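1. please find the sequence and the predicted model below.
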There are 2 protein chains.
Amino acid sequence: MTAWETIREELLRRIRARDWLPGATIPGEEALAIEFGVARATMNRALRDLADAGVLERRRKAGTRVALHPARRARFDIPVIRLEVEAGGKVHGLRLLHQALEPVPADIAFRLRLPADCRFWHLQTLHLADSAPLMVEDRWLSPHVLPDPAPDFAKVSVNEWLVGNVPLDTGSIDFTAANATEAEAALLGTTPGAALFVVERMTWTDEQAVTHVRLAYAPGYRVHTLL
Amino acid sequence: MTAWETIREELLRRIRARDWLPGATIPGEEALAIEFGVARATMNRALRDLADAGVLERRRKAGTRVALHPARRARFDIPVIRLEVEAGGKVHGLRLLHQALEPVPADIAFRLRLPADCRFWHLQTLHLADSAPLMVEDRWLSPHVLPDPAPDFAKVSVNEWLVGNVPLDTGSIDFTAANATEAEAALLGTTPGAALFVVERMTWTDEQAVTHVRLAYAPGYRVHTLL
DNA sequence: GCGATTATTATGTCTATACATAATAATCCC
DNA sequence: GGGATTATTATGTATAGACATAATAATCGC
């Protein structure tokens, strides 16, 4: 372990041991640097890292304080479905169920900041892990980002084609829950109304909507993060 | 904007503009530092930040490459319920529905790594936003962390009491979906079977299980993150 | 006492330099 | 040729010193 990591652990220990109470101001960067016998830049690295993690709050002149609500910030890896399946030692399968140019539904058009009466590619794909249904993908894709001989989305997942070929600008991710529709239930091998974990992603490039995806996972799916 | 932030934006622009393709090796830290006319440490700051965000992948000797699957890592703020409600300009209410020392159910005991036949405090609380039901909290709390005159959890939420009084060590957060039980449906003003967004948190201190919480949110709740 | 100005201070950033480390590339020996 | 050893190299970390910045504290004029 490097010096700044060692120091970070010791600072964390003091906070957890309640040597420094939530809300209290801790010694200044320079004082701590002297105490630990390192340069101020090294001390800064450790303190900044804890501030990034939400454990400390730092303000110029005011000093550094222990956050009142620690563990508020978490980082986690957004599952890239194929990699996640393969990490579990299984084979990732794709079944393209539907592909057609259709008018974008009003609610999705609104959230993508699209004008009315837009036509996007509507793609529905079933993702499999070793032939067991895992997730249903319902996607609206801008036709403007596709090359003339469009790629064969029965072979490459749209997501992987996009990250390899379209520059992404801004985007958002939402997590929510939804009851399985009859169609989804049939595909995922469950009963209509079952609670599904749903991920919704939207992306834009250069102010232009690229895609809206809704991923509905089979029951039992969970996102796990260590604090 | 500071120098390293400006540089980070320019690097991102090049990646998004596909000047540097996914998987490609970009110029070395020193070469880029010269190009931008800054010290290597400053260049390192910009590159390290992009690597932290999952946009770049760096390896000693091998160099820096554009990640094949960008936007895999996201960070988001774990909602602290009271603050979230108050941020929406509403009043956070609490109703303690149940509090008793009970044997921990087998599945939760297993996940908390507890021996069999443990008795924990079982607390059920309804959280309100301006008197509208928002979330049902079902918690198992170790009796060993409580002081002798136990705090009044009808007034202070357990969570806030814990962060203010118990040193936390390790923990985990899970996101999943579940169908509302009859009890939950009645409390949240919905119908049994409705899909609920569920957050499960576990925490330990010094290898000892502190608490397991299951937060079931009213329908419509969603976690939102910008990429 | 009060509002506006000035000083102080802790954090934030930046530089130049040095050495450490891990992983690849080159070399040697058999 | 092939396996073990050595050199090379890009990133990683650390240092001492400097200036910038934002926010608080002190001061001044009235």
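-> Thanks, I have the structure now.
2. whichever strand or helix holds A:A74: how far from the chain's middle?
-> Using DSSP states H and E, A:A74 sits in strand A:73-77. The chain centre lies 8 Å from the centre of strand A:73-77; the measure is CA atoms, centre = their mean, to the nearest Å.
3. what's in contact with the following helix or strand past it?
-> Once strand A:73-77 ends, the next helix or strand along the chain (criterion: DSSP H and E) is helix A:81-87. The contact list for helix A:81-87 (CB atoms under 8 Å, 6 or more residues apart in numbering or on different chains) reads A:91-92, A:127, A:129, A:134-135, A:157, A:159-160, A:215, B:69. In short, each C-beta sits where N, CA and C put it, glycine included.
4. and these, which of them are in helices?
-> A:159-160 (DSSP state H).
5. I'd like the contacts of helix A:81-87 as JSON lines, with pLDDT, distance to DNA strand D and neighbour count appended.
-> Below are the contacts of helix A:81-87 laid out as JSON lines (pLDDT from 0 to 100; distance: CB to the nearest atom of the strand, whole Å; neighbours: other CB atoms under 10 Å in any protein chain shown):
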{"residue": "A:V91", "pLDDT": "88", "distance to DNA strand D": "32", "neighbour count": "11"}
{"residue": "A:H92", "pLDDT": "88", "distance to DNA strand D": "30", "neighbour count": "17"}
{"residue": "A:H127", "pLDDT": "93", "distance to DNA strand D": "33", "neighbour count": "21"}
{"residue": "A:A129", "pLDDT": "90", "distance to DNA strand D": "33", "neighbour count": "20"}
{"residue": "A:L134", "pLDDT": "92", "distance to DNA strand D": "34", "neighbour count": "20"}
{"residue": "A:M135", "pLDDT": "93", "distance to DNA strand D": "33", "neighbour count": "24"}
{"residue": "A:S157", "pLDDT": "81", "distance to DNA strand D": "30", "neighbour count": "21"}
{"residue": "A:N159", "pLDDT": "83", "distance to DNA strand D": "27", "neighbour count": "20"}
{"residue": "A:E160", "pLDDT": "79", "distance to DNA strand D": "26", "neighbour count": "16"}
{"residue": "A:L215", "pLDDT": "94", "distance to DNA strand D": "32", "neighbour count": "22"}
{"residue": "B:H69", "pLDDT": "78", "distance to DNA strand D": "18", "neighbour count": "17"}
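6. now that we have the contacts of helix A:81-87, can you turn them into JSON lines and tack on distance to B:R75?
-> Below are the contacts of helix A:81-87 laid out as JSON lines (distance: CB to CB, whole Å):
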{"residue": "A:V91", "distance to B:R75": "31"}
{"residue": "A:H92", "distance to B:R75": "26"}
{"residue": "A:H127", "distance to B:R75": "26"}
{"residue": "A:A129", "distance to B:R75": "27"}
{"residue": "A:L134", "distance to B:R75": "26"}
{"residue": "A:M135", "distance to B:R75": "23"}
{"residue": "A:S157", "distance to B:R75": "25"}
{"residue": "A:N159", "distance to B:R75": "21"}
{"residue": "A:E160", "distance to B:R75": "23"}
{"residue": "A:L215", "distance to B:R75": "20"}
{"residue": "B:H69", "distance to B:R75": "17"}
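7. coming back round to it: what's the angle from the strand holding A:A74 to strand B:73-77?
-> Counting by axes from the mean of the first three to the mean of the last three CA atoms, to 10 degrees, strand A:73-77 lies at 160 degrees to strand B:73-77.
8. out of the helices and strands in chain A, which is least certain?
-> Lowest on mean pLDDT, DSSP states H and E among the helices and strands of chain A sits strand A:73-77, with a mean of 74.
9. thought A:E57 was touching A:R73?
-> No - the criterion here is CB atoms under 8 Å, and A:E57 misses it with A:R73 at 11.6 Å.
10. neighbouring strands - and their directions - for the strand holding A:A74?
-> strand B:73-77 (antiparallel) (DSSP bridges).
11. would you map the helices across chain A?
-> Going by DSSP H, chain A shows helices at A:3-16, A:29-36, A:40-52, A:81-87, A:106-111, A:158-165, A:182-188.
12. is it possible to export the ones you listed to CSV including distance to DNA strand C?
-> Below are these laid out as CSV (distance: least, CB to the nearest atom of the strand, whole Å):
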stretch, distance to DNA strand C
helix A:3-16, 11
helix A:29-36, 3
helix A:40-52, 5
helix A:81-87, 20
helix A:106-111, 33
helix A:158-165, 23
helix A:182-188, 40
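13. of these, which is nearest A:L97?
-> helix A:182-188 (7.8 Å; CB to CB).
14. quick one: is that closest one near chain B?
-> No - applying CB under 8 Å from any CB of the partner chain, one finds helix A:182-188 separated from chain B by no less than 11.5 Å.
15. same thing with stretch A:155-169?
-> Yes - applying CB under 8 Å from any CB, one finds stretch A:155-169 in contact with chain B at A:163-164, A:167-169.
16. show me the two of these that sit farthest apart.
-> Among the residues of stretch A:155-169 next to chain B, the pair separated by the greatest distance (CB to CB) is A:G164 and A:D169, which sit 16.1 Å apart.
17. centroid residue for chain A?
-> A:I78 (3.9 Å; CA atoms, centre = their mean).
18. thought that residue was touching B:R75?
-> No - assessed by CB under 8 Å, A:I78 is found out of contact with B:R75, at 10.7 Å.
19. ok, A:L11 - how many residues close by?
-> Using other CB atoms under 10 Å in any protein chain shown, A:L11 has 24 neighbouring residues.
20. what of A:G63?
-> 13.
21. which residue sits closest to A:A177, ignoring its sequence neighbours?
-> Nearest non-adjacent residue to A:A177, counting by CB to CB, 6 or more residues apart in numbering or on different chains: B:A177, 3.6 Å away.
22. let me fix that: A:P151
-> A:W161 is the one closest to A:P151 (CB to CB, 6+ apart), at 5.2 Å.
23. coming back round to it: quick one: closest of the helices of chain A to B:E10.
-> Here helix A:158-165 is closest among the helices of chain A (CB to CB), at 21.0 Å.
24. buried residues, the closest one. List them.
-> A:158-163 (16 or more other CB atoms under 10 Å in any protein chain shown).
25. do the same with stretch A:53-70
-> For stretch A:53-70, by 16+ other CB under 10 Å, it's A:53-57, A:64-67, A:69-70.
26. ok, now which ones touch A:R111?
-> A:202, A:212.
27. go on, A:L96?
-> A:123-125, A:153-154.
28. go on, A:V91?
-> A:85, A:129-130.
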